[in-house]
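S.K.: mind looking at a prediction? Sequence and model below.
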Amino acid sequence: MDTSYDMFIETEVPEHELIISRTNLSGIITYANDTFAAISGYEVGELIGKPHNIVRHPDMPRSIFKDLWETLERRESWQGIVKNRRKDNGYYWVHADVSGVYKDGKLTEYKSLRAPVDTKTKIKMQNYYDVLRKREEKSSRVVLYLTDEQLEMVSGILK
Ligand SMILES: Cc1cc2nc3c(=O)[nH]c(=O)nc-3n(C[C@H](O)[C@H](O)[C@H](O)COP(=O)(O)O)c2cc1C
């Protein structure tokens, strides 16, 4: 059970900066700019060579990434609102634009550019993703305030 409170701390993506990354065709990060490192809480060197799911947040439904990869396989670009997890368990929301990088007409890599998301959209998407996860994966995100006694009972049940 993850009980770290850092998971509730949001990092805002600044208006004037772009988070940029590139991956190989299997989603392994080949390039990360300094803004990506700063916002995700990693060093650039920690990101390169890792699968892009290093920043995957458990609130994100699997079906969103299935749609992303199916879209890329059709050689189309994908746009979506993504909640990502920082190294310290905090989170940040991005509007991602993912597309292919072509050399001499051949698909060689993927690239992603991300921009900030406004508060209204974050709330709407959080609720939508909660519904999707419940519907598709039978899983729910629960935040409860409990007395020590109640916590003991709940921990016993969840063990
Ligand atoms: C260029 C590119 C950028 C991506 N950016 C993210 C991202 O910011 N966050 C994320 O969770 N997944 C991102 N993905 C998708 C991941 O590769 C992965 O599919 C996703 O995190 C789900 O993890 P899983 O495939 O292990 O289930 C990106 C993929 C590509 C090709």
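M.R.: In hand now; what should we look at?
S.K.: around the ligand, pick out the residues from this protein.
M.R.: Contact residues (C-beta under 6 Å from any ligand atom) of the chain with the ligand: 21, 23, 27, 52-53, 55-56, 60, 62, 65, 68, 82, 84, 96, 98, 110-112. All C-beta spots, glycine's among them, are computed from the backbone N, C-alpha and C.
S.K.: now list the buried members of these.
M.R.: In those, burial by neighbour count holds for 21, 23, 52, 55, 60, 65, 68, 82, 84, 96, 98, 110-112, counting by 16 or more other C-beta atoms under 10 Å.
S.K.: out of these, who's nearest residue 156?
M.R.: Nearest to residue 156 among those is residue 60, at 29.7 Å by C-beta to C-beta.
S.K.: that closest one reaches residue 129, doesn't it?
M.R.: Yes. Contact criterion C-beta atoms under 8 Å: residue 60 and residue 129 qualify, at 6.4 Å.
S.K.: okay, and the common contacts of the two?
M.R.: Common neighbours of residue 60 and residue 129 are listed as residue 83 (criterion: C-beta atoms under 8 Å, 6 or more residues apart in numbering).
S.K.: flag the shaky bits of the chain, pLDDT-wise.
M.R.: The chain contains residues with pLDDT under 70 at 1-5.
S.K.: please enumerate the strands of it.
M.R.: All strands of the chain, identified by DSSP state E, fall at 19-23, 29-32, 78-85, 91-103, 106-115.
S.K.: tell me which of the ones you listed sits most buried.
M.R.: Mean neighbours per residue, mean count of other C-beta atoms under 10 Å, is largest over the strands of the chain for strand 19-23, with a mean of 21.
S.K.: for it, name the packing helices and strands.
M.R.: The contact analysis (3 or more C-beta pairs under 8 Å, 6 or more residues apart in numbering; DSSP states H and E) places strand 19-23 against strand 29-32, helix 34-40, strand 106-115.
S.K.: nearest residue to residue 6 in space, please, no chain neighbours.
M.R.: Once flanking residues are discounted, residue 6 sits nearest to residue 89: 4.1 Å by C-beta to C-beta, 6 or more residues apart in numbering.
S.K.: how far away from the center of its chain is the top helix by length along the chain?
M.R.: Assignment by DSSP state H gives helix 119-137 as the longest helix of the chain. For helix 119-137, the gap between its own C-alpha mean and the chain's C-alpha mean amounts to 13 Å (C-alpha atoms, centre = their mean, to the nearest Å).
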